[in-house]
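**Q** here is the input, now give the coordinates:
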Amino acid sequence: MTSSFEEVKVLPGFNNVFLACRAEGSLFDDWRTLVARLEARGISTQFVNENFLPERLSSLRVTLLKEAISAKARRTNHDLNPICYFYNSILWSKQFKSLEKSVMLFLSRVQARWLIGAIGLLFFLLFLLPVSFGSRSSNLALGAIFVAGFTGIFVEIIVVLSFQIFYGYVYSMIGLIFTLFMLGLALGALIIQKRAVKRKISFGALTRVQLFQVLLIISLLVLTWVLSETSPSGPAVMIVLLLLMTASGLLGGVEFVLANHLFLRRRTTLKAGTGYAVDLFGASFSSLLASALLVPILGIPSTLIALLLVNLICLGYLLVFSRAA
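**A** Model (predicted):
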């Protein structure tokens, strides 16, 4: 708050009260001054009075609260970096002694670059082990399906949050947002299904689709930066974010159906539901990772960088191994 207002006061209590003003010298936290002003203005109160305020705004409580706030530098909460959501999760886990308390406390101390690096290493190994053993091409196709499901839900969460931040009315548009995403999925699946009937699919096509996924994430990252630095009109923000949501669904539908056909071409003994199960697992893992950890801890821009790294790793494996597939 001090970065946006000249003067900030925090009044202690069961619920701390934050006061902010653009002009310095307008706020105070002394109970005597407040009582004097109430009397001077002839304001009669039943609860907030000279009997309540001395205990609520005692000098000891005010001092202890100031020391607690300034004791250790914390990250500033912003629309694109909602770290307070994560701090609140830590508070609840401490109060109820949840199993995730230790994990959350550890993650709160981890720097962003190490967390992004750990995610990149995890996905690098997730691709390395399957392509090193068994049927390389089929495992590579399953890996692409997993990343497609992971990316689709990830982008959906980011777009929904960005819609609320930059447009301001996500609940009035949430039905349209999800409809356009599902419409994109259906169109993408239909396009590839027609090509599959004509046997016009290959790992080279899958690599190109993955390249478009990378470009989509870069576009969303750039758009987020532009919107945070400028103040475009509401309709322009709405249209661009809705188009990105549709494009994400289109690419997700194309990549899933294409990779699933390539997987079944080499593993005809397995059921078609295998690819769908992998896609759902990637989507569920993504929804948990994005909403509960990455967006609150890293913020939207850094989370998009982590997602970009994951898709670059997938693209790299496709470029290296698809020639031999």
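**Q** could you give the average pLDDT over the one helix or strand residue 181 maps to?
**A** Taking DSSP states H and E as the criterion, residue 181 maps to helix 170-197. Computed over helix 170-197, the mean pLDDT rounds to 88.
**Q** and what of stretch 13-28?
**A** Confidence for stretch 13-28, expressed as mean pLDDT, is 85.
**Q** next: stretch 245-259.
**A** When pLDDT is averaged over stretch 245-259, the result is 92.
**Q** thinking residue 66 is in contact with residue 11, fair?
**A** No - using CB atoms under 8 Å, residue 66 is not in contact with residue 11, being 11.1 Å away. For the C-beta atoms, the positions are set from N, CA and C on the backbone; glycine is no exception.
**Q** neighbour-wise, which of these two wins?
**A** It is residue 11, of residue 66 and residue 11, that has more neighbours when counted by other CB atoms under 10 Å, with 20 against 14.
**Q** so who does that one touch?
**A** Contacts for residue 11 (CB atoms under 8 Å, 6 or more residues apart in numbering) come out as 17-19, 29, 56-57, 62.
**Q** before we move on, back to that, report the buried residues of the helix holding residue 181.
**A** Residues of helix 170-197 classed as buried: 170, 173, 177, 180-181, 184-185, 188-189, 192, 195-196 (neighbour count, 16 or more other CB atoms under 10 Å).
**Q** before we move on, what about stretch 33-50?
**A** Residues 34-35, 38 are the ones in stretch 33-50 that count as buried (16+ other CB under 10 Å).
**Q** quick check, residue 218 in contact with residue 308.
**A** Yes - when contacts are counted by CB under 8 Å, residue 218 is listed as touching residue 308 (6.6 Å).
**Q** which of the two has more neighbours?
**A** More crowded of residue 218 and residue 308, by other CB under 10 Å: residue 308, with 20 against 13.
**Q** dump the residue contacts of that one.
**A** Residue 308 makes contact with 214, 217-218, 221 under the criterion CB under 8 Å, 6+ apart.
**Q** which helix or strand contains it?
**A** Assigning secondary structure by DSSP H and E places residue 308 in helix 300-321.
**Q** which of the contacts of residue 308 fall within helices?
**A** Within these, residues falling in helices by DSSP state H are 214, 217-218, 221.
**Q** are any of those residues buried, and which?
**A** With burial judged by 16+ other CB under 10 Å, the buried subset of those is 214, 217, 221.
**Q** nearest spatial neighbour of the first one, chain-adjacent residues omitted?
**A** Closest residue to residue 214 in three dimensions, ignoring its sequence neighbours and counting by CB to CB, 6 or more residues apart in numbering: residue 311, at 5.0 Å.
**Q** end to end on stretch 24-38, go ahead and measure it.
**A** The straight-line separation of the ends of stretch 24-38 (CA to CA, to the nearest Å) is 21 Å.
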